[in-house]
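Could you work out the structure for the sequence below:
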Amino acid sequence: METVVLSLGGSVIVPDEIDTMFLSQFRDLVMELSSMRFIIICGGGRVCRRYQDVARSLSYISANDLDWLGIMATRLNAELMRVLFNKYASEKVIHDPEEDIDETRRIVIGAGFRPGCSTDLRAVQLAKRFGANRVVNISNVNYIYDSDPNKNPDAVRLRHIAWQDFIRLVGSDWEPGLNMPFDPVASKEASRFGLEVVIIGNSIGNLKKLLAGGEFEGTVIS
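Got it, this is the predicted structure:
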């Protein structure tokens, strides 16, 4: 059975309010593709950043504690995802990428584990564990550009980028709540493992094309 590892950004689960239309379409697609195993790692997104922003505004808070706020947001999003898939998903949300996983379930839901990175790293670690050769990143970012398109109107959209060039763009350091297309810490691990990461935005139709082996919109990092 082919294993599909998805790093599912909190920004698509809860862009402002919980996106019930996206969740419904996402669930339908995963259920439709019954010949595939799905490992779905949920991010914290805006929920995470709201808590972190309030904590920063009211008190001194360490980077470690800011990360723990983010981790708890990822776990809340992951619990929602787990109950949406009900009996088809693992009975509990995976935190530690090395913990026991019920491999009889076709759908495994994961969330944050330790400070110092985002859930992208968990997706990379589980891809390696399950022998998957790529991670699909679903977020509000459709493509990687050669510079920040919010600052540079002439930024060029990239279809492919090498890991060393991507890491040069995003840097190598983690900060709590960092909003990057793919976590710098996870990027270094993906590069080391020889994994491919695909940035595809949040279109369910686009995800379906990718999983069917067709033409899709997005950037491949390899």
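
Give me the helices and strands touching the helix or strand hosting residue 3, please.
Residue 3 belongs to strand 2-8 when elements are defined using DSSP states H and E. Packing partners of strand 2-8 (3 or more Cβ pairs under 8 Å, 6 or more residues apart in numbering; DSSP states H and E): strand 36-42, helix 119-130, strand 134-138. To be clear about C-beta, it is placed using only N, CA and C from the backbone, and glycine gets the same treatment.

Now do it against helix 119-130, angle only.
Calculated by axes from the mean of the first three to the mean of the last three Cα atoms, to 10 degrees, strand 2-8 forms an angle of 170 degrees with helix 119-130.

and strand 2-8, how far out from the chain's middle?
With Cα atoms, centre = their mean, to the nearest Å as the basis, strand 2-8 stands 9 Å off its chain's centre.

what's the angle from it to strand 36-42?
If you take the same axes, to 10 degrees, strand 2-8 sits at 20 degrees to strand 36-42.

re earlier: wait, which of the helices and strands packed on strand 2-8 is closest to residue 187?
Closest of the helices and strands packed on strand 2-8 to residue 187 is helix 119-130, at 7.8 Å (criterion: Cβ to Cβ).

Who are the packing partners of the closest one?
Here helix 119-130 touches strand 2-8, strand 36-42, strand 107-110, strand 134-138, helix 184-193, going by 3+ Cβ pairs under 8 Å, 6+ apart.

Contacts for that helix next, please.
The contact list for helix 119-130, computed with Cβ atoms under 8 Å, 6 or more residues apart in numbering, reads 3, 5-7, 37, 39, 41-44, 74, 94, 97-98, 108, 110-113, 132-135, 137, 182-183, 185-187, 189-190, 193, 195.

go on, stretch 64-76?
The contact list for stretch 64-76 (Cβ under 8 Å, 6+ apart) reads 10, 42-45, 47-48, 51-52, 55-56, 93, 95, 111-116, 118-119, 176-177.

Please repeat the previous calculation with a cut-off of 7 Å.
With Cβ atoms under 7 Å, 6 or more residues apart in numbering as the test, stretch 64-76 has contacts from 10, 42-44, 47-48, 51-52, 55, 93, 111-112, 115-116, 119, 176-177.

Would you list the phi and psi of residue 117?
The phi and psi torsions at residue 117 (degrees, to the nearest 10) take the values phi -170, psi 180.

which residue sits closest to it, ignoring its sequence neighbours?
Nearest residue to residue 117 in three dimensions, chain neighbours excluded: residue 185, at 4.1 Å (Cβ to Cβ, 6 or more residues apart in numbering).

what would the helices and strands packed on strand 2-8 look like in JSON lines with mean neighbour count?
Listed next are the helices and strands packed on strand 2-8 as JSON lines, based on neighbours: other Cβ atoms under 10 Å:
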{"stretch": "strand 36-42", "mean neighbour count": "24"}
{"stretch": "helix 119-130", "mean neighbour count": "24"}
{"stretch": "strand 134-138", "mean neighbour count": "23"}
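
a markdown table please, covering these and showing mean pLDDT and distance to residue 216.
Below are the helices and strands packed on strand 2-8 laid out as a markdown table (pLDDT from 0 to 100; distance: least, Cβ to Cβ, whole Å):
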| stretch | mean pLDDT | distance to residue 216 |
| --- | --- | --- |
| strand 36-42 | 97 | 16 |
| helix 119-130 | 95 | 18 |
| strand 134-138 | 97 | 10 |
